[in-house]
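Structure of the sequence below:
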Amino acid sequence: MADPKSDKGAKSGKSDKPAKTPKAEAPVESAKQAKANRKQAASETVAAGQVAAAPKDYVARLKKLYREDIVPKLVKEFGYKNALEVPRLDKIVLNMGVGEAVNDTKKVASAAADLALIAGQKPVVTRARKAISTFKVREDMPIGAKVPLRQTRMYEFLDRLVTVALPRVRDFRGLDPKSFDGRGNYALGVKEHIIFPEIDYDKAEAMLGMDIVVCTTAKTDAEAQALLRAFNFPFRQ
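Model prediction:
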């Protein structure tokens, strides 16, 4: 009597031949996928403001100008006994407030992304310290972004601000020379952040203003103003 199991195997047409091995295309596809992932990660880091570090021997243009031209000029003008007494730039702080964040908190994320493109550094989201019912502001609510710049990024931003951004301001008549705080710090306001070339006008969701504070080590406003004039700040006459 025939085995019923053997009859089922014959009817189904199954053979005892080994299965075919798949072609070796998976490693190629994985390599392409990894390359695509690396490109996507690089684009995301640039969009987030995480720019690659500059070479070790790189010196910013304005930093070189400060060492070679500005320091001897200020020593001669103010009679410093030591070159280390010459005031220098300490940091530049960019602050962007988003009033529309009361109705839509996603506006803060968009503003922070634009600020990262401008500064080349990831900003910090600022939050409300206390609730204000009149303005519909809750405690710890994101309302803006800020970023401090130092060293090379500070000089690079200052170079772009003076040579590219400020000339693009509409009806620009110079910076107010009275905006010093008495301790060597200068503050200026920008009504439209699209004056910076990093911001695409067509992709900008809204016109955002920002405050720019240039902090120096000068002890008086006269020294700070002389320092910033040497950096070609277009003060109003």
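
The chain: helices as residue ranges?
Assigned by DSSP state H, the chain shows helices spanning 4-12, 26-47, 61-65, 71-78, 106-119, 151-160, 221-230.

Helix or strand with the lowest mean pLDDT in this structure?
helix 4-12 (a mean of 49; mean pLDDT, DSSP states H and E).

how close does the closest residue to L175 other than its chain neighbours get to R127?
Leaving aside its chain neighbours, L175 sits nearest to F235 (5.1 Å; criterion: CB to CB, 6 or more residues apart in numbering). The C-beta positions use only the backbone N, C-alpha and C, and glycine is treated the same way. Plainly put, F235 is 35 Å away from R127 if you go by CB to CB, to the nearest Å.

Same check on A109?
13 Å.

repeat for E205
Distance, E205 to R127, using CB to CB: 21 Å.

Contact partners for P148?
By CB atoms under 8 Å, 6 or more residues apart in numbering, the contact set of P148 is 91-94.

Narrow these to those that are buried.
Among these, the ones that count as buried by 16 or more other CB atoms under 10 Å are 92-94.

Strands - which of those land there?
Counting by DSSP state E, the buried ones among the contacts of P148 place 92-94 in strands.

possible to save those as CSV with distance to G144 and pLDDT?
Output for those, formatted as CSV (distance: CB to CB, whole Å; pLDDT from 0 to 100):
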residue, distance to G144, pLDDT
I92, 17, 93
V93, 12, 93
L94, 11, 92
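
Can you report how many residues lie near the residue lying closest to V162 once chain neighbours are set aside?
Distance criterion CB to CB, 6+ apart; nearest residue to V162, sequence neighbours excluded, is N232 at 5.3 Å. When neighbours are defined as other CB atoms under 10 Å, N232 has 14 of them.

cool, P72 as well?
Neighbourhood size, P72 [other CB under 10 Å]: 12.

Point to the residue nearest the middle of this protein.
Centroid-nearest residue in the chain, with CA atoms, centre = their mean: A116, separated by 2.4 Å.

surely L166 meets R160?
No: L166 is beyond contact range of R160, at 9.6 Å (criterion: CB atoms under 8 Å).

residues of stretch 77-86 that come out buried?
Buried residues in stretch 77-86, counting neighbours by 16+ other CB under 10 Å, are found at V86.

Check stretch 62-69 too.
62-63, 65-66.

now swap in stretch 221-232 and tell me
221, 223-228, 230-231.

which regions of the chain sit below the pLDDT cut-off?
1-54, 99-105, 134-137, 140 (pLDDT under 70).

50 instead, please
Scanning the chain for pLDDT under 50 picks out 1-2, 6, 8-13, 24-29, 39, 42-43, 45-50.
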